[in-house]
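Engineer: attaching a predicted model along with its sequence, questions to come.
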Amino acid sequence: MPRARGDGFRQIVTPVIFADQARVEALDSLAGYEGRRRGLGEVFEAELNAAILRVAEEPLAFPLYYRDLRCELALAAEPLVCWADEAMWDRVREKLARLAREDREFRVPCSPSHEYRMKPVATEGEVAFIEKRHGIRLPDDYREYVLTFANGGAGPYHGVYPLGYYKDAGELFRWDEGVFATSVAKPFALRGPWNLPAAYIEENLQGDATPQAERDAVDCLARVGLVLPPPTGKVIGKNPFTGEALVETLEMLIMNAAYSNDLMNGTVPIATQGCNLGVSLVVAGAERGNVWHDLRADSAGIVPASRSGMPRLTFLQWYEAWLDDSLASVLS
């Protein structure tokens with residue numbers, strides 16, 4: 001009988017029945033994971049046992065699959081244990097080594113920032129600390145990257161940050177809740193490119209936005225869960241440059257919300273393009289595993305990383321795309 005939550009054992013009333021084929025597949029998977037990396041089979045077994053407990057304790061919480069059968073979809077919908085093929089990482093290593101050989105003069109943009117050097121891999125303990133601290137599990141390809149390839153260094157733009165760090169003015173700093181995202185564990189809200197309406201941005205740059213443009217901006221923010229309160233019109237401080245009183249206006253509320261860390265909830269920073277243009281990896285929500293660009297400092301909104309024929313890029317795809325494009329540029 002599986003151990004229930006808590007210190008002791010609890011009788012499970014609802015039986016969890018494994019079909020013969022499911023039992024065989026579970027055992028095969030366990031052996032396969034353990035064969036890939038020692039200890040990985042134990043992680044798979046723990047997740048499987050947790051799923052069994054959830055089904056046994058709350059069977060009606062899961063959707064009907066066929067007639068009176070219900071299905072635990074958590075593992076199928078978002079695999080908690082998987083890996084990138086070892087041959088794939090070998091291929092990435094070979095491409096990086098070739099790029100370093102071919103680009104000794106650092107012609108690839110921003111390459112002098114990292115000079116194709118890689119930082120030592122992270123330990124399981126370091127990864128576990130970040131995951132536990134923020135209540136997340138890192139996407140598998142990124143997790144494999146920091147554990148087996150490099151914990152930062154050579155990569156797109158000015159290079160990849162070490163896990164748990166970001167760079168400002170050329171220096172590395174630890175990040176925590178509130179630095180880039182209000183909550184790393186809260187699901188990322190966006191499903192597609194987002195920005196304030198172009199008319200509002202244009203009118204705001206030229207002076208005062210029209211009431212219609214302001215209403216459109218308020219609606220745009222509400223669609224991503226940022227509902228603005230009415231402006232109070234009260235003095236809330238002084239302008240640090242002019243010393244004049246700052247009055248809370250609708251424009252101020254719109255801009256504060258549009259540039260708030262709430263829009264980057266569910267992400268961790270992985271790189272920068274410079275000039276406050278960030279690159280983040282989604283770790284919670286429907287976009288989990290995909291790389292997104294925060295271009296709000298350039299009034300260009302928040303958009304997913306992509307390339308021709310690929311509207312989304314995972315971390316590994318993003319990294320390898322940089323290698324392919326850089327090699328093509330250097331060898332041309």
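Structural biologist: Everything's here; your move.
Engineer: average pLDDT for stretch 130-139?
Structural biologist: Predicted confidence along stretch 130-139 averages 92 (mean pLDDT).
Engineer: all helices for this structure, in order.
Structural biologist: When secondary structure is read from DSSP state H, the chain shows helices at 20-36, 40-57, 74-77, 86-102, 124-134, 140-144, 198-206, 211-222, 250-258, 315-331.
Engineer: tell me how far Pro230 lies from Val218.
Structural biologist: According to Cβ to Cβ, to the nearest Å, Pro230 and Val218 sit 10 Å apart. For the C-beta atoms, the positions are set from N, CA and C on the backbone; glycine is no exception.
Engineer: those two: who's more crowded?
Structural biologist: Neighbour count, other Cβ atoms under 10 Å: between Pro230 and Val218, Val218 has more, with 18 against 8.
Engineer: mind checking how far the more buried one is from Glu126?
Structural biologist: Using Cβ to Cβ, we find Val218 at a distance of 42 Å from Glu126.
Engineer: next one: Ala222
Structural biologist: Applying Cβ to Cβ to Ala222 and Glu126 gives a distance of 39 Å.
Engineer: okay, those two: which has more neighbours?
Structural biologist: When neighbours are counted by other Cβ under 10 Å, Ala222 and Glu126 differ, and Glu126 comes out ahead with 16 against 12.
Engineer: flag the shaky bits of the stretch 51-200 of the chain, pLDDT-wise.
Structural biologist: Flagging of the stretch 51-200 of the chain using pLDDT under 70 yields the residue ranges 58-86, 177.
Engineer: switch the cut-off to 80
Structural biologist: Under the criterion pLDDT under 80, the flagged ranges of the stretch 51-200 of the chain are 51-87, 167-172, 176-179.
Engineer: which residues in the stretch 151-300 of the chain form strands?
Structural biologist: Read by DSSP state E, counting those that start in this stretch, the stretch 151-300 of the chain holds these strands, from start to end of the chain: 165-168, 171-174, 235-238, 245-247, 267-274, 277-282, 291-294.
Engineer: let's have these in a markdown table, adding mean neighbour count and distance to Ala50.
Structural biologist: Formatted as a markdown table, those follow (neighbours: other Cβ atoms under 10 Å; distance: least, Cβ to Cβ, whole Å):
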| stretch | mean neighbour count | distance to Ala50 |
| --- | --- | --- |
| strand 165-168 | 16 | 31 |
| strand 171-174 | 10 | 31 |
| strand 235-238 | 10 | 47 |
| strand 245-247 | 13 | 51 |
| strand 267-274 | 22 | 24 |
| strand 277-282 | 23 | 23 |
| strand 291-294 | 24 | 29 |
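Engineer: now for these, which one comes closest to Arg93?
Structural biologist: strand 267-274 (18.9 Å; Cβ to Cβ).
Engineer: excluding covalently adjacent residues, which one is nearest to Ala209?
Structural biologist: Glu203 (4.1 Å; Cβ to Cβ, 6 or more residues apart in numbering).
Engineer: what's the pLDDT at the one you found?
Structural biologist: Model confidence at Glu203, expressed as pLDDT, equals 86.
Engineer: ok, the one 10 residues further on next?
Structural biologist: The score at Ala213 is 90. That number is its pLDDT.
Engineer: which one of the helices of the chain is the most hemmed in?
Structural biologist: For those, ranked by mean neighbour count under the definition mean count of other Cβ atoms under 10 Å, the leader is helix 140-144 at a mean of 21.
Engineer: from the contact counts, what lies against that one?
Structural biologist: Helix 140-144 is packed against helix 315-331, with contacts defined by 3 or more Cβ pairs under 8 Å, 6 or more residues apart in numbering; DSSP states H and E.
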